[in-house]
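Trainee: can't give you the sequence, but here's the structure:
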């Protein structure tokens with residue numbers, strides 16, 4: 001794995017964690033009280049946010065040249 005791939009994975013991991021944390025905060029914050037929180041709903045929405053963040057990052061990938069130099073087309 002080259003440096004660009006490691007950087008992409010690191011940045012994607014950070015983005016995923018941020019998206020999941022924001023979703024969990026928003027989901028919990030919309031509940032009336034702590035005891036009324038639907039924890040299954042929080043976990044479900046949080047995991048979905050993580051999946052969507054990864055898919056969003058993949059959608060933004062640019063193809064590289066055939067020579068393998070890593071230059072963006």
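Mentor: That came through, no problem. Please read all numbers here as calculations on a predicted model, not as lab measurements.

Trainee: helix or strand right after the lengthiest helix in the chain?
Mentor: The residue-count maximum for a helix in the chain (DSSP state H) belongs to helix 3-29. Toward the C-terminus, helix 3-29 is succeeded by helix 39-59 as the next helix or strand (DSSP states H and E).

Trainee: residues making contact with that next one?
Mentor: For helix 39-59, contacts defined as C-beta atoms under 8 Å, 6 or more residues apart in numbering pick out 8, 11-12, 15-16, 18-20, 22-24, 27-28. For every residue, glycine as well, the C-beta is placed using N, CA and C.

Trainee: could you export these as JSON lines, including neighbour count?
Mentor: As requested, the contacts of helix 39-59 are arranged in JSON lines below (neighbours: other C-beta atoms under 10 Å):
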{"residue": "8", "neighbour count": "15"}
{"residue": "11", "neighbour count": "11"}
{"residue": "12", "neighbour count": "15"}
{"residue": "15", "neighbour count": "15"}
{"residue": "16", "neighbour count": "18"}
{"residue": "18", "neighbour count": "12"}
{"residue": "19", "neighbour count": "19"}
{"residue": "20", "neighbour count": "19"}
{"residue": "22", "neighbour count": "13"}
{"residue": "23", "neighbour count": "20"}
{"residue": "24", "neighbour count": "16"}
{"residue": "27", "neighbour count": "19"}
{"residue": "28", "neighbour count": "16"}
